[in-house]
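S.K.: coords please:
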Amino acid sequence: MDEFIKDLDQNLEYLKHVINNTNINIYVISNRKICKCPYCGFPSQRIHSYYEKSFQDLPFMGKKTKIFIKNKKMFCDNRDCSYTTFAERFDFLEHNSRKSKRLVDKIIEMSLYMNAVELSKVLKNGIAEIEKSTICNLLKNTRHYT
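M.R.: The predicted model follows:
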């Protein structure tokens, strides 16, 4: 399981997982010591707090996968920055996204072969919970097909 998590980000540490009939929930924590402020780029070591962030990822062992990160909120010590705190960010996840980039890429790839209504039904059967409107929004917002 740790290798699966490290494939997303080397700074994630596997904690535990819970499996039921259709889903697997994986719990991780970031072990990154220094985070850069996304607004000014200033590095920070001071932790403000923690919160849980969750997102869907590609299926694992034939089950829908949801990953829960114990995420850090950090202080920005740059006096010139207009933000005093910021949340740790990850390359595999767009800011405020509920789906990993690799899941979004798979959805977009599959959308080439069927319409959003059909694709939503296929995805809900073991891949991800997603509505047709979300698929349309992903396609509209992607730069792959402009």
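
S.K.: how about low-confidence regions in this structure?
M.R.: Applying pLDDT under 70 to the chain picks out residues 143-146.

S.K.: at which residues are the strands of it located?
M.R.: 12-19, 23-30, 35-36, 43-44, 47-60, 63-75, 85-87 (DSSP state E).

S.K.: what about those strands, which gets the closest to I135?
M.R.: strand 47-60 (13.2 Å; C-beta to C-beta). Glycine gets a C-beta too; all of them are placed from N, C-alpha and C.

S.K.: and the closest one with strand 63-75, angle?
M.R.: Strand 47-60 runs at 160 degrees relative to strand 63-75, counting by axes from the mean of the first three to the mean of the last three C-alpha atoms, to 10 degrees.

S.K.: for stretch 73-88, buried residues please.
M.R.: Neighbour-count burial for stretch 73-88, counted by 16 or more other C-beta atoms under 10 Å, picks out 74-76, 78, 86-88.

S.K.: alpha carbons of it, as CSV, please.
M.R.: Provided in CSV are the C-alpha atoms of stretch 73-88 (Å, rounded to 0.1, in the frame of the first residue of the first chain):
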residue,chain,number,x,y,z
LYS,A,73,-2.1,24.6,7.2
MET,A,74,1.1,26.7,7.5
PHE,A,75,2.0,30.3,8.5
CYS,A,76,3.5,32.4,5.8
ASP,A,77,6.4,34.4,7.4
ASN,A,78,6.9,36.7,4.5
ARG,A,79,5.8,40.1,5.7
ASP,A,80,5.3,41.3,2.1
CYS,A,81,2.8,38.5,1.4
SER,A,82,-0.9,39.4,1.7
TYR,A,83,-1.7,35.9,3.1
THR,A,84,-0.8,35.0,6.7
THR,A,85,-1.6,31.3,6.3
PHE,A,86,-1.8,28.8,3.5
ALA,A,87,-2.7,25.1,3.0
GLU,A,88,-0.1,22.6,1.8
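
S.K.: stretch 29-45: end-to-end distance?
M.R.: 16 Å (C-alpha to C-alpha, to the nearest Å).

S.K.: and it, how far from the chain's centre?
M.R.: Centre-to-centre, stretch 29-45 and its host chain are 17 Å apart (C-alpha atoms, centre = their mean, to the nearest Å).
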